[in-house]
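**Student:** Fold the following, please.
(chains A and B)
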Number of protein chains: 2
Amino acid sequence: MSDTKMQPFDQLVRELSSLPGFGKRSAQRAALSLLKNRSKINKLIHNLKEVDDKVEECQTCGNLSLSNPCHLCTNQERNQSVICVVEGVDDLWAMERSEFFDGVYHVLGGVVSAIDGIGPDDLRFKELLQRIENTNISEVILALGASVDGSTTGHLLARRLKEKGVKVTTLARGMPMGSEVDYLDAGTLTLALNGRMEI
Amino acid sequence: MSDTKMQPFDQLVRELSSLPGFGKRSAQRAALSLLKNRSKINKLIHNLKEVDDKVEECQTCGNLSLSNPCHLCTNQERNQSVICVVEGVDDLWAMERSEFFDGVYHVLGGVVSAIDGIGPDDLRFKELLQRIENTNISEVILALGASVDGSTTGHLLARRLKEKGVKVTTLARGMPMGSEVDYLDAGTLTLALNGRMEI
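**Tutor:** Coordinates of the predicted model:
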């Protein structure tokens, strides 16, 4: 695969293929398309520099933004007393796309994982607890993944938050929109039944 | 999707997603992973510059290489009288990986296509015919795709090459290695039957 005998090219392929969603094959195709259209190389270099220079991590919530604190944390039209806890910045953006939530966020930076050796101290637990002590928070919404690790993280976090006397909620589990009952797995069906609502 | 309200980031995502094999979603994931690991951004910029500075197109065969003419065209251990015609540089590399062919190459830069309005003049037909006039070529092997456009290109090229009195061959059509007869499509089966060989 890397038998092109071109060290710079092979290095670029290696660098590209270390990005998520990029195999060696597609990295080679991408590198080749850049070489066929050289102006794209300079554009890409410019964009990479711009992002590196201008994008900062918000010290309050962990969001990536052009300012610190970010545009969500400083927006007084948002409800600053409701914090939605998410695993990563991509989850925050997914929430924003749904345009339903008008509170603020807290990015944990992952979930606890026994296999990967990630504990609460590796995540932004402490920062969240400090935020709650320093500001008046009425509710913390856990919007973590519905996986084992996500649920474990939620339980750990909920316990610590409740010790501070703050109300903790989590996203509902149930049927995703557009789904059919006969295609749902048993676990989801059980959760949906458990969480049934009167209409 | 691009509601991140970060212009530099959205531009990087747009630039990345214009690469082949990269959707908007995976481009965003990749851009995010670069932001989480900033040292990768500088590495990538360095690699892009290196490739742009050092990789050249060989004026003889159209290969991408660190020299012009390329390391294949100048290698006297290769049979310089047999030219293998390929659509693109990636096909050339695929041939090299198979380590069977020891001649030289000619990159056409695509195939003729009525739909895309690509004719022989848009490809490196003329350069190939010139090579044949200037040097002593014993055989031209067509290694083009087994598609309609690939076959059309092959026929057009073969006619012009034969006018110059050069021997023209094409890659065999038939069963790919590891394939089962009952899974082959009718077209491939017909070609395989047509090209049957005595054993």
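
**Student:** quick one: contacts for the residue most central in space within chain A?
**Tutor:** For chain A, residue A:88 is the residue whose C-alpha lies nearest the centre (C-alpha atoms, centre = their mean; 2.0 Å). Residues in contact with residue A:88, defined by C-beta atoms under 8 Å, 6 or more residues apart in numbering or on different chains, are A:107, A:108, A:109, A:110, B:32. In this view, the C-beta of every residue, glycine as well, is placed from N, C-alpha and C.

**Student:** I'd say residue A:28 and residue A:13 touch.
**Tutor:** Yes: between residue A:28 and residue A:13 there is a contact under C-beta atoms under 8 Å: 5.1 Å.

**Student:** and those two? which has more neighbours close in?
**Tutor:** In terms of neighbours (other C-beta atoms under 10 Å in any protein chain shown), residue A:13 is the more surrounded of residue A:28 and residue A:13; the figures are 26 against 22.

**Student:** So the more buried one: helix, strand or coil?
**Tutor:** Of the three states, residue A:13 takes helix under DSSP: H, G, I helix; E, B strand; the rest coil.

**Student:** so what's it scoring on pLDDT?
**Tutor:** For residue A:13, the pLDDT comes out at 93.

**Student:** Domains in chain A, by residue range?
**Tutor:** Chain A breaks down into these domains under automatic domain parsing: A:7-54, A:72-170.

**Student:** residues contacting residue A:11?
**Tutor:** The neighbours of residue A:11, taking C-beta under 8 Å, 6+ apart as the test, are B:47, B:50.

**Student:** Quick check: it vs residue B:98, distance?
**Tutor:** Relative to residue B:98, residue A:11 is positioned 24 Å away (C-beta to C-beta, to the nearest Å).

**Student:** again, but for residue A:150
**Tutor:** 46 Å.

**Student:** With neighbour numbers in mind, choose between those two.
**Tutor:** The neighbour comparison of residue A:150 against residue B:98 (other C-beta under 10 Å) goes to residue A:150, with 18 against 7.

**Student:** Who are the contact partners of residue A:106?
**Tutor:** A:61, A:62, A:83, A:84, A:85, A:86, A:124, A:127, A:128, A:131, A:140.

**Student:** and the closest residue in space to the first one that isn't next to it in sequence, which of the three is it?
**Tutor:** In this case it means residue A:61. Spatial nearest neighbour of residue A:61, excluding adjacent residues (C-beta to C-beta, 6 or more residues apart in numbering or on different chains): residue A:105 at 4.8 Å. Following three-state DSSP, we place residue A:105 in the strand state.

**Student:** Sitting in helices, which of the contacts of residue A:106 do you find?
**Tutor:** A:127, A:128, A:131 (DSSP state H).

**Student:** Could you count how many residues lie near the first one?
**Tutor:** Residue A:127: 17 surrounding residues under other C-beta under 10 Å.

**Student:** Just the pLDDT for it.
**Tutor:** pLDDT, residue A:127: 96.

**Student:** residues in contact with it?
**Tutor:** Applying C-beta under 8 Å, 6+ apart to residue A:127 gives the contacts A:62, A:106.

**Student:** With residue A:108 instead?
**Tutor:** Counted by C-beta under 8 Å, 6+ apart, residue A:108 has contacts A:62, A:85, A:86, A:87, A:88, A:123, A:124, A:125, A:128, A:144, A:153, A:157.
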